[in-house]
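*Asks:* sequence and predicted structure, then a few things I'm wondering about:
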Amino acid sequence: MNTPATIESTPEASTCCIPGQPLDDATAQQLARVFKALGDPTRVKLMAMIVGSSEGEMCVCDLTEPVGLSQPTVSHHMKLLVEAGLVTREQRGKWAYYQPTTDTLATAARAFLS
């Protein structure tokens, strides 16, 4: 006849893992805005084009054709990326130019890799 095995609970064994430090509310809200902005495939494409640009910036006029959307629609997507802090916008005449904000991406990566 087999007797059931018992496992002793020790203070060291009370948790299965040691949790990491929780994010403060402000950081969590900023990261949520970043990930929400990148939650749309079109915005991911736009971001990749701007980050990969040899000039370090792109005009909204050059972003419309590659994603197959109208200028107003691309401008709407870009507004959300600006609000999330992923790009900056500079108006030159009638066109808007966007530059990547690498600090925001680096902060998001560090929050999950550290």
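*Replies:* Structure's in. What do you need? These numbers come from a predicted model, not from an experiment.
*Asks:* from now on I want contacts and neighbour counts done on CA atoms only, so please keep to that.
*Replies:* OK.
*Asks:* can you pull out the strands in the protein?
*Replies:* 58-59, 87-92, 95-100 (DSSP state E).
*Asks:* so what strands line up beside the shortest one?
*Replies:* Looking at strand 58-59 with DSSP bridges, its partner strands are strand 95-100 (antiparallel).
*Asks:* any idea how far the strand it pairs with is from the middle of the chain?
*Replies:* 18 Å (CA atoms, centre = their mean, to the nearest Å).
*Asks:* residues making contact with that strand?
*Replies:* Outside strand 95-100, the residues that touch it by CA atoms under 8 Å, 6 or more residues apart in numbering are 47, 50-51, 56-61, 86-91.
*Asks:* which residues touch the nearest residue to residue 71 once chain neighbours are set aside?
*Replies:* Spatial nearest neighbour of residue 71, chain neighbours left out: residue 64 (5.8 Å); criterion: CA to CA, 6 or more residues apart in numbering. When contacts are counted by CA under 8 Å, 6+ apart, residue 64 touches 70, 71, 74.
*Asks:* out of those, which one sits closest to residue 23?
*Replies:* Closest to residue 23 out of the contacts of residue 64 is residue 74 (32.3 Å), distances taken as CA to CA.
*Asks:* can you pull the contacts of the closest one?
*Replies:* Here residue 74 is in contact with 60, 63, 64 (criterion: CA under 8 Å, 6+ apart).
*Asks:* residues contacting residue 46?
*Replies:* Applying CA under 8 Å, 6+ apart, the residues near residue 46 are 63, 67, 78.
*Asks:* dump the residues you listed to TSV, plus distance to residue 109, pLDDT and neighbour count.
*Replies:* Shown next, in TSV, are these (distance: CA to CA, whole Å; pLDDT from 0 to 100; neighbours: other CA atoms under 10 Å):
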residue	distance to residue 109	pLDDT	neighbour count
63	25	96	20
67	26	97	14
78	21	97	25
